[in-house]
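> the following block contains a protein sequence and its predicted model.
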Amino acid sequence: MAQGTVQVTHGGASRWRRRSGEYPTLTAALAVAGDGDVLSIAPGTYRENLVLDRAVTLRGPEGSVGSVRIAPLDGVALTVRASAVVQDLHLEGQDRAAPAVLVEDGAPELTDLRVSTRSAAGIEVRGGARPLVRRCTVENPTGVGIAVLDGGGGVFEECEVVAAGQTGVSVRGGGHPRLERCRIHHATGAGIGVTGEGSGLEALGCEVYEIRGAGVQIAARAAARLTDCSVHRTSADGVTLDTDAVLTLAGCDIHDIPENAVDLRSRSVLTLSRTTVRRFGRNGLSVWDPGTRVDADSCEIHDSTGDYPAVWISDGATASLDSCRVHDVPDAVFVLDRGSRADVVDSDLSQVRNTAVSVSDGATAQLDDCRIREAATGAWFRDHGSGGTLANCTIDSVQTGVIVTKGADPTLERCTVSSPAEAGFYVSAGGRGTFTACRVTGSSGFGFHVLDGCRTTLTRCHTERCARGGYEFAEDGPLAEECTSDASGPRLAAQSASGGGLAGERAGIRTVTAAQSPVPQAAEVPAPRPADRPGPASPTPSRRSGEVLGQLDALVGLDSVKREVRALTDMIEVGRRRQQAGLKAASVRRHLVFTGSPGTGKTTVARLYGEILASLGVLERGHLVEVSRVDLVGEHIGSTAIRTQEAFDRARGGVLFIDEAYALAPEDSGRDFGREAIDTLVKLMEDHRDAVVVIVAGYTAEMDRFLTVNPGVASRFSRTITFGDYGPGELLRIVEQQAEEHEYRLGEGAPEALLTYFTELPKGPAFGNGRTARQTFESMVERHAGRVAQLSEPSTDELTLLFPADLPLLSDPPGAGR
């Protein structure tokens, strides 16, 4: 066949028609072709506008895509209005007001076409057309890649949009195509766009990437379903839904998105199953407006690259997560604004840098059978009208398990917080809450910490191995009924009103009679000593400095600490006397840095230091206000400075003790607000030099780094006191003091056994120094009780003597792994 000719093979049987023939143009060949005829096109360039209105086959040389170019100077290169077959052609268009390929009717088959054009659209399907398009490639840097509109449909298999100046695949006006194993990339505007009521799209095994805009856009009552598809490397959101849009994602992967991975609003509905959302710069799921809803089942959201919550629900929207995993993110689930709601069931929220679940501005969250671990805060109900329910949830390895503040009123049932660094449950600033059958185990701080003015109810709650005590309540504290504790920590609670002895102490609560309590048979934790409360206490008569120094000397060990405090006290006392004599007094920096491991007495010494300064007239009251990061750092701009100011004001006339101060300046701080707390604190210390003494405490190496984060920090904390670990003999002495205080005695061989025990005890991260000694004593008491309970009439010696057999095993020391 000659170059630039068309051979027509007739499929008809009429005797008067030639069986075949060659024609110089495609137009001439099509004029004589009938249904079923085959038009074989020789290589060449054809400057013609083709119209197929019969069921013919139009084909170039097999396997030589590009050798036949259909390239008219303007208009549509190929128009199909019948169930024709077109294959192995290269089509070009130059008309920006018309598509290169237009399919208007029938069910044609387009196979192995390359559409390289600068047209309004590469391929446009409209009306009643239902084409089958296979292995076609579209490159259109000025317009849409593939457009399906005005009721058009069809199936696109293994097609590729390699470039589009507008949307890669655009569906509108009631179009409803199906894409199978297609690739859409290097588009501008959106990879896939579906718009308008009645418009729909189904995509299976497709990939959308390298998009200058959003990956997938569904809007204006359109609907789509994507199965086993991936969307990645966009410049805007990965997937967006707007104005009553409906989308289903099944088995999809949305990743490497600089903005929101999925954003929906204005009553749109998104259903996800088996879908992964990862490496996103803003929210993984961003859900806005009343009526907007997300239902996610068996999905995973992880590895945020920004500083935003993984799931954001606001302005009255709702989201449901069932059997999902959210991990390695700054915050997991944020629900805010009245009418907004999150329902999270059987899901894991882990490795969260800040807050796993935050509920604010009147929103609601319902968590059932969920697991939260490795977060700064497990759940935070922030303000009035915010609430919901946590039921059968576990929270592990966090700074604080649950925080309730500013009138928030959640319900927590059968929840367990394990190994919190600060508190299991923390209620402050007028927070409320109902806690039923909740547990705290292995807290490095308190179990339940409820501050003044918080109307909280605790029923059948329990705490175990809480370093600073199971319950810390204000005098007008919460209602606590049937709550128990193993009473670990520096203070054991008072005996029960019924004279329960140690059993009352082990319960960790003080029973209040019906005459004393507003509710019959209520029980409450004894009020803390004035110096223990976070807020200022009523003034109490100051002890003489000698008396307080005597109490300091009575502490086990801490010889170097005692020398430092005495030297500092002597400097302050002599300076005061020199001033009284009219002499200049040396300036003494009263702010201190305490470094050392947990359980070495830093809080106790800070409290005594405040009393000493009050006795010398340096401080007005000398009370201690103990805070940590959670009390100072907010999660919104401006809130940190307010919290820090409030803590400083509570400490006026006394000591502000910031435990684990290095947490205010984490090494990977990014946009963390901890540095704002430090900056605010430095300024307050400068503006109110004589009003408050500030002590910052923490591990030695971490505190060295802390002193470098702000130029004013090191200059204001010029004295560091190091608290060394206790040796075996000192730990023995602490056990002896505990035994004496609780009317026990160490029997024959017990001191020697304790020395050996403390010598061989591993001194890893779980080692708690004085806390370990107290927990060892408590374990001995428990084992002693189990032994003596078997005796019918035990003697006084049997009731009081502790023997080597009562020691816990070295393989399971108290506090290990907690």
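Ah, there it is.
> so what would you say the end-to-end distance of stretch 437-448 is?
In stretch 437-448, first residue to last residue: 13 Å (C-alpha to C-alpha, to the nearest Å).
> and that stretch, how far from the chain's centre?
22 Å (C-alpha atoms, centre = their mean, to the nearest Å).
> kindly report the same for stretch 374-392.
12 Å.
> start to end distance for that stretch?
This stretch, stretch 374-392, spans 18 Å end to end (C-alpha to C-alpha).
> may I see the buried residues of it?
Burial within stretch 374-392, assessed by neighbour count using 16 or more other C-beta atoms under 10 Å, is assigned to 375-391. C-beta: built from backbone N, CA, C; applies to glycine.
> and the helix ranked longest in the chain, C-alpha only, in PDB?
Longest helix of the chain, by residue count under DSSP state H: helix 559-580. What follows is helix 559-580, C-alpha atoms only, in PDB (Å, rounded to 0.1, in the frame of the first residue of the first chain):
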ATOM      1  CA  ASP A 559      24.700  15.200 102.200                       C
ATOM      2  CA  SER A 560      25.900  17.500  99.400                       C
ATOM      3  CA  VAL A 561      22.400  18.900  98.900                       C
ATOM      4  CA  LYS A 562      22.200  19.700 102.600                       C
ATOM      5  CA  ARG A 563      25.600  21.500 102.400                       C
ATOM      6  CA  GLU A 564      24.500  23.500  99.400                       C
ATOM      7  CA  VAL A 565      21.200  24.600 101.000                       C
ATOM      8  CA  ARG A 566      22.900  25.500 104.300                       C
ATOM      9  CA  ALA A 567      25.600  27.600 102.400                       C
ATOM     10  CA  LEU A 568      22.800  29.300 100.500                       C
ATOM     11  CA  THR A 569      20.800  29.900 103.700                       C
ATOM     12  CA  ASP A 570      23.900  31.300 105.500                       C
ATOM     13  CA  MET A 571      24.600  33.700 102.600                       C
ATOM     14  CA  ILE A 572      21.000  35.000 102.700                       C
ATOM     15  CA  GLU A 573      21.000  35.300 106.500                       C
ATOM     16  CA  VAL A 574      24.300  37.100 106.700                       C
ATOM     17  CA  GLY A 575      23.200  39.400 103.900                       C
ATOM     18  CA  ARG A 576      20.000  40.200 105.700                       C
ATOM     19  CA  ARG A 577      22.000  41.100 108.900                       C
ATOM     20  CA  ARG A 578      24.500  43.200 106.900                       C
ATOM     21  CA  GLN A 579      21.600  45.200 105.500                       C
ATOM     22  CA  GLN A 580      20.200  45.700 109.000                       C
END
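> mind starting the numbering at 29 from now?
Done: numbering now begins at 29, and the last item shifts to helix 587-608.
> looking at the buried residues of stretch 402-420, which are in strands?
403-409, 415-419 (DSSP state E).
> which other helices and strands does the helix or strand containing residue 576 contact?
In this assignment (DSSP states H and E), residue 576 forms part of helix 573-582. If you count contacts as 3 or more C-beta pairs under 8 Å, 6 or more residues apart in numbering; DSSP states H and E, helix 573-582 packs onto helix 587-608, helix 630-643.
> I'd like the mean pLDDT over the next helix or strand after the last one, please.
Read that as helix 630-643. Using DSSP H and E, the helix or strand that directly follows helix 630-643 along the chain is strand 652-655. When pLDDT is averaged over strand 652-655, the result is 88.
> mind listing the strands strand 652-655 pairs with, and their directions?
strand 683-686 (parallel) (DSSP bridges).
> ok, and what's touching the strand it pairs with?
Contacts with strand 683-686, where a contact means C-beta atoms under 8 Å, 6 or more residues apart in numbering, come from 631, 634-635, 637-638, 641, 647, 650-656, 660, 675-676, 692, 720-725.
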